[in-house]
Structures are given as C-alpha cells and as structure tokens.
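S.K.: What shape does this take:
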Amino acid sequence: MFDEILVSVDTNQWSCQFCTYTNPLSVFPKCKLCGQQLSQSATGSLINSSSMNTNESSTTSMSLQVLNRQQNDESNAKKIFLNIKSYCRQAKTHFVDDQFLPSPRSVGNIDGTFEWFRISEITSSSSDNRFNWTVYSSPESSDIQQGRLGDCWLMAALALVTERPKMLEHIILTKQVNQEGVYLIRLCHNGLWKIIIVDDCFPCTEHKQLAFSKSNRRQLYVPLIEKACAKLFGSYSALTSGQTEEGLHILTGAPCVRINLNSETNILDQDIIWAKLLSACEARLLIGAATGCDDVSEEDYKRANIHSCHAFSILAACFLSHISMQFVLVRDPHAQTNYNEESITSSIRDQLNSTLSFSLPSGAFWISWPVFLKFFNSITISSYASDNYDVREVAQYTQSSAKPIPSFHFYVSKTSNFDISLIYHRKYRGSTLTHTQSFILCDVEYGLDRDIGKSVAILESRYGTFTHWTGSLSPGFYVLVPFSTGFCNEKYSDTERHYTLVMHSKIPIDIQLANEPATLLADCLIAAVSKENINKTTDADFNYYTTPEKSHFSMFIAENSSFTNYLNLDIDMTDSTCISSSRKSFITHDCIPPRHRQIIFLTEWTHERNQPARMNYLYQSSFVTNSNHSVPEINISENDFHSFRSF
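M.R.: Numbering: from 1, shown residues only. I've put the predicted structure just below:
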C-alpha cells in the first residue's frame, strides 16, 4: 500500500513509509514518531534495494477496489494519529512537523514577508470571526479562496472534489480540530497513495491572516490540503503553476483524459467533444478546463473578462433545443470572473439555471459553446469511480539493453475496460522530463513457448511524465513491458529511474512483476510493428520496418528473408539531434543471420538543448556468405535487446 521508503546513505536516515518522519537508522524498522513498523516486504526492499536487478525477482500484487483501498488507508491513519497524539501528550507539547518547519525555506521563492502562526492565533475576516475553527463543515466549492499563491490548478481541482463531499472525506483523514495540532492528509504522489502529516502552523500576512488559500467559515481543509501538497513538493512556491489534471490526480489517484481544444495536428470535431463533455457531466465526473489559447490576445481575454492562463471547473453542460444552442457552466476558483455574454439573456440564464440540481455557486458563469471553444484551450475529465479496482506497482527503467527488464503479467477473466498509466517519479515537481516513456502491451499464449502478440499489440508512447492508455481488453493472458532509452545514460541513479504502473479496471486482477530478458521486449515490439506491416519497405531478400512519424520514438527492424546468406547492414545517424539511442552510438554495423530479424536501434526524442529533435539516417546493405561481429557489440549470451530473433 505504501510502496516508497526513502533512505539517505550519507545521513544514515530513513523516511517512514506511513508518516514520512525521518528516523535514524538506529531505530529501524519502527518509526520513532508514529510507532508503525515496516512490513516484512518493505524491510526487505530497504535492506536489499538491488533485488530487482536479478532474474529471480518476482512479486504478485492483487488489485483493490478504490473504496477498500481508501478504508484500509484510513484505518492505518487512525493508528498513526493516535500514536502521535499520545507522543505529544507525554512530551506535553504541540506537534511541530520537523519535516516542514515554519521557515522561509518552506515558503520558498515568493515575494513578501510571512509570519507563521497556529490556528489559535490566526485572525479571520469580520464575517468569519463568529465561527469556530473546524476541519470542514458542509463545505462548498464557493468557500474556497485561492490567496496569494499561483496554484489555481490545485484550487480548481479541489473545488471539483468539494462538490463531492464523500470524496473529500477520503482526503482529509483527520476530521476534528485537535489541541495537539496534528492532521493527516491522504494524497496520491507518483501514482502512490501517501499519508502526509502536517501541523496547524501556517504562513500569514502582517495582519495574522492566512496568506495563501483559505475557506469561508473558518474551515481548515483547504489550507491543510495546500500545506500537505507544499510539504510533498518541498515548499509553497513549488506549487506555482500547473495543470488541473495534476491536481485531480493528486486528490483522486484516478486517470484523467485531457482534450486539447487547440491542437495544431488534429482537426477539432466539436460534436464529438460536446458529446464527451455532456456524457461526463451526466455521469457527474470531475471536469476541469483551462484558458491560454495562443491565437487569443491578452486584450481579448480582458475584454471578455476571462482570466488568461487560468484553471477553471466545469459544473454542467446544457443544450436548449428551442434556440438550438449549447452552453457550459464554468466556475472560477478565484470567484472573480465577471463574464457577461450578450446572447445569454436573463430569460436564457433562468432556463439554464432551472436545469441544475444544485444552487449556483459563486464564481460560476454560463458561456455559449462557440465562445467557450474560442477562449479555452483544454478540457480535463477525471474517470474517478469508487467501485473501480486499481493496482499500483513500482519498478525501474533499465540502463542497458543487455539487462533484464521489469515486465508485468496479468490475466483478464472477462472483457473489461482498462486504464493503464505509467507515471515517472520526478525528483522535483518543476523538473521537466527530457525523454520519452513508452509501453508495449501484448497478449500471450502460455505453453512450452510463449507466443507473443497473436491477436493484440498495443504500443503507447508519450513525451513527459505521464503515459496513458484506455481501452477494452478481451479475456486472456497479457504482458506489459515499459521501456525508455532515455535512461541509457549512466548519469541516472537507481532512484532517478523509478516509475509507477497504475491499472484501473472494472474487474479485479492480479499482476505479477518479474524481471524478464530484454529479448521479451524485442519480441513484443517486433510483433506489434511487423504484424501490421507498419512502414514496411521491401528490397529483394531484405525487409525493414520503421515506426510511424507521429510516434515519440523511432525504431528500425531489419529482416533477412534469405535462406542462405547473411545480411550486412550499416547505419549512420550522425545527422540527428536531440535523440537518445538504445545502441549508445549513432554509427552501427550488424550482420543478421538467414531467416532472422533484429531491432537495429530504438531512439527517443529529447529536448535537453531546447531544440526540436531531428532524426536522419542513411543505411547500406549487402549479402555475405559468412558472419561477422556487430559494432557496437551485442551481448547475445545475455539476451541483449538487439539480439537476432528467428522467424
């Protein structure tokens, strides 16, 4: 359930997987603060962190229903909370979070001077002074006030979640204000659920008012969640700027679908997007939207009284048949948008409001669909459902084409929809990912030999932190193999190559994580590309396949269909920029045996020099009667990814 253990070799400390408290190794494996003891499997992974580098490593994880996972976490949190309260009472002190001290470092790079006060010392507006502090009390999205921090992406996501009080209960695990000042918040980070412990001390203005987010009627849940996120990412300033889908993922752990309304490559089908939006609204899914269109000037946004580069919530969508017009109900988490559209008369507005099952919150406004498409550049839909099953597994990208590669095996008992995500563990929230991460999903027939990809081969690739695929899988056995050549560079340490595989489904599944020879990945990729004859080129007894240009990586598969001769193949990729290669060289020579295939190279786009990637290569081929060595050398005895594969 809690899969990460942070260990510092230099300081001889370890971070508790339950409460994040940093302990000396002398008290391992029992946390000094919360009293929780690490599980045997977690202890083993800490003692032998290199176990995943062996072929013998294999673990099996069962999926849990989202609601059951929430309840398990809450049960663990209650024990942690009681242990910390007991610790504070014995010490006769208020809880002070030494992992996130009330200091300028915790605020980060934000202009202004801030003082830290506990809630008992914080003043509120005159309208709120009559209320006592509560964690939450009948919360509404209109209660949320963003404050001086540029984290509208988080506030917009939180406003959406606040519309679903039951969801909020599974985030705020401490329901009551307590004298010790200890609060537990449940957040999803890097695809893993974590319980974040915070105290009740917050940055304030010179008037002793909360400097950042707050909630009307002295509700603490908004600043508590914001502080937990700030602790998670290192400081309050680390929360500046972001996308709504990130906020929704942190709060729900569920996959999100982002619809780009200003795509330069795909033609926008307004009817399909409207249908998706209407369906999401009817299903009461969490929906966000963002402004910031490149073809709309700042002056146009000001004239429309809509904030540019800002995150909003979508609360409803409505079609009025008698005037044949579509409308969207949008909410600004600032509650400061003063939008008015001439086509939306008071009569039309009354008709639209009458379709709602809830009262209109502050900051909400109706906007016609064509105008919405003009000013908004994206829609984000969260697929959160408490009756879904999910499974979460952590693994590492390999650094060498000759090393075993983590592979995930599972069985689908009946046809079901699946959401599959790869989430890279960024060292810092603001850091950019300069490589592509991908996965191949193939069905497998198990027997004496595994037959890869007889009926399905799904190849998904993304540049960035998240790689996501959604679709339907039929009954059968499957293998999923993540890969990324961006980590071929030796500069990446073990902790910098972690990712989480997250699978959501309507049915329970068990996933077995095993280290497999890299040739398994080669077989899956060859099955996916050659089966569909993707970019196939035929030249006498020599065929080769390449990936489509729209892919975020490029692969060259050579096929020697001769029955007698070896195929010599020389490739020069030196006229390429901002790419990483699985061969670690831009000049290669290979000699392919008769009736064999080989993946000559796999390259991925990078943007390390802020330049567009360019992939150019030249090849020369000839047939010879005798074999010769590959350059760079291929470790066939170690099942190198580039090994020859018979067909």
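
S.K.: Mind listing what's buried along the longest helix belonging to the chain?
M.R.: Of all segments of type helix in the chain, defined using DSSP state H, the longest is helix 66-91. Along helix 66-91, these residues count as buried under the neighbour rule (16 or more other C-beta atoms under 10 Å): 66, 69-70, 73, 76-77, 80-81, 83-84, 87-88. Where you see a C-beta, it was placed from the backbone N, CA and C, and this is true even at glycine.

S.K.: Stretch 92-102 too?
M.R.: Neighbour-count burial for stretch 92-102 flags 94-95, 97, 99-100, 102 (criterion: 16+ other C-beta under 10 Å).

S.K.: picking up where we left off before, send over the next helix or strand after the longest helix of the chain as CSV, restricted to the C-alpha atoms.
M.R.: As assigned by DSSP states H and E, the chain's next helix or strand after helix 66-91 is helix 104-107. Extracted C-alpha coordinates of helix 104-107, given in CSV (Å, rounded to 0.1, in the frame of the first residue of the first chain):
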residue,chain,number,x,y,z
PRO,A,104,11.3,30.8,4.8
ARG,A,105,12.6,27.6,3.2
SER,A,106,9.1,26.1,3.5
VAL,A,107,7.6,29.2,1.9
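
S.K.: neighbouring contacts of helix 104-107?
M.R.: Contact with helix 104-107 is made by 100, 114, 203, 230-231, 235-237, as judged by C-beta atoms under 8 Å, 6 or more residues apart in numbering.

S.K.: swap in stretch 223-238?
M.R.: With C-beta under 8 Å, 6+ apart, stretch 223-238 has contacts from 20, 97, 99-100, 105-110, 135, 149, 151, 154, 158, 171-172, 183, 185, 187, 189, 194, 196, 198, 202-203, 210, 212-215, 239, 250-251, 428-430.

S.K.: are any of those residues buried, and which?
M.R.: Among these, the ones that count as buried by 16+ other C-beta under 10 Å are 20, 97, 99-100, 106-108, 110, 135, 149, 151, 154, 158, 171-172, 183, 185, 187, 189, 194, 196, 198, 202-203, 210, 212-215, 239, 250-251, 429.

S.K.: And this structure, what are its domain boundaries?
M.R.: Split into domains by automatic domain parsing, the chain comes to 1-61, 69-252, 256-382, 529-646.

S.K.: So which of the buried ones among the contacts of stretch 223-238 belong to strands?
M.R.: In this view, the buried ones among the contacts of stretch 223-238 that belong to strands under DSSP state E are 183, 185, 187, 189, 194, 196, 198, 202-203, 214-215.

S.K.: Surely Val296 and Lys374 touch.
M.R.: Yes. At 6.7 Å, Val296 counts as touching Lys374 under the criterion of C-beta atoms under 8 Å.

S.K.: SS state for Asp128?
M.R.: Put simply, Asp128 is coil when judged by DSSP: H, G, I helix; E, B strand; the rest coil.

S.K.: Bridge partners for the nearest residue to Arg258 once chain neighbours are set aside, pull those for me.
M.R.: Nearest residue to Arg258 in three dimensions, chain neighbours excluded: Thr380, at 5.1 Å (C-beta to C-beta, 6 or more residues apart in numbering). Thr380 forms beta bridges with Arg258, Gly288, as assigned by DSSP bridges.

S.K.: Name all residues that make contact with Thr380.
M.R.: Counted by C-beta under 8 Å, 6+ apart, Thr380 has contacts 243-245, 248, 256-259, 287-290.

S.K.: before we move on, what about Ile381?
M.R.: Neighbouring residues of Ile381 by C-beta under 8 Å, 6+ apart: 256-257, 259, 276-277, 280, 285-287.
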